[in-house]
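Enquirer: need the 3D shape of this:
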Amino acid sequence: MPHDEGIAGQAQDDWVRELQNQVIRDMEKVYSPVVMGLWKNPQNAGSLDYPDGYGQVTGSCGDTMQIWIRVRDDAVTEATFWTDGCGSSIVCGSMVTIMAKGKTLEQAARIDQQVVLDELGGMPEEDRHCALLAADALRAAVGCVRPGLVAKKPWR
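Expert: Numbers count the residues shown, from 1 in each chain. Got it, this is the predicted structure:
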């Protein structure tokens with residue numbers, strides 16, 4: 001490769017790196033440190049073999065969230081998620097699975113949109129539906145294990 005192409009390539013790499021850093025700095029002005037942490041390092045992503053409960057919900061935006069849970073002695077011992085949605089959906093899926101672990105099924109079923117948003121430190125209005133999607137998918141997974149628990153409660 002000629003010397004000039006190497007310099008041009010390095011300049012382009014530097015420009016891309018600076019652009020990425022600027023995007024992250026701009027996001028940090030809008031999103032909480034908790035959201036940014038889960039965006040950079042999602043937790044509990046992926047399916048769970050032989051789950052006790054499974055929930056799948058498609059939100060009004062068209063994103064789909066799947067949640068798998070494992071339950072022992074009426075408590076969620078493992079929770080994982082997958083979504084075809086945006087970064088905010090991934091963050092909310094991460095948070096709802098983190099929150100569900102160690103909770104009884106009734107406590108897990110009470111994790112709603114506002115609880116997720118509070119735990120995340122809030123989200124912009126255009127992303128709030130992602131918290132609802134994740135909470136509804138968790139409730140569907142709980143309902144798979146104990147249908148009467150979810151059906152009888154006015155969760156919203």
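
Enquirer: okay, now the domains of this protein?
Expert: 3-30, 38-152 (automatic domain parsing).

Enquirer: deepest in the core, which of these is it.
Expert: domain 38-152 (a mean of 19; mean count of other Cβ atoms under 10 Å). In short, each C-beta sits where N, CA and C put it, glycine included.

Enquirer: just the mean pLDDT for the lengthiest helix in the chain, thanks.
Expert: Ranked by residue count and defined by DSSP state H, the top helix of the chain is helix 3-30. Helix 3-30 shows an average pLDDT of 81 in the prediction.

Enquirer: tell me the first helix or strand C-terminal of that helix.
Expert: helix 33-40 (DSSP states H and E).

Enquirer: and the longest helix of the chain, what does it pack against?
Expert: helix 33-40 (3 or more Cβ pairs under 8 Å, 6 or more residues apart in numbering; DSSP states H and E).

Enquirer: now do the helix it packs on against helix 3-30, angle only.
Expert: 140 degrees (axes from the mean of the first three to the mean of the last three Cα atoms, to 10 degrees).

Enquirer: who touches helix 33-40?
Expert: The contact list for helix 33-40, computed with Cβ atoms under 8 Å, 6 or more residues apart in numbering, reads 24, 27-28, 31, 87-88, 90-91, 94-95, 119-121, 123.

Enquirer: in a helix, residue 42, correct?
Expert: No: applying DSSP: H, G, I helix; E, B strand; the rest coil, one finds residue 42 to be coil, outside a helix.

Enquirer: I figured it was touching residue 91, is that so?
Expert: Yes: Residue 42 lies in contact with residue 91 (Cβ atoms under 8 Å); the separation is 7.3 Å.

Enquirer: if we can go back for a sec, of the domains of the chain, which shows the lowest average pLDDT?
Expert: Here the lowest mean pLDDT among the domains of the chain goes to domain 3-30, at a mean of 81.
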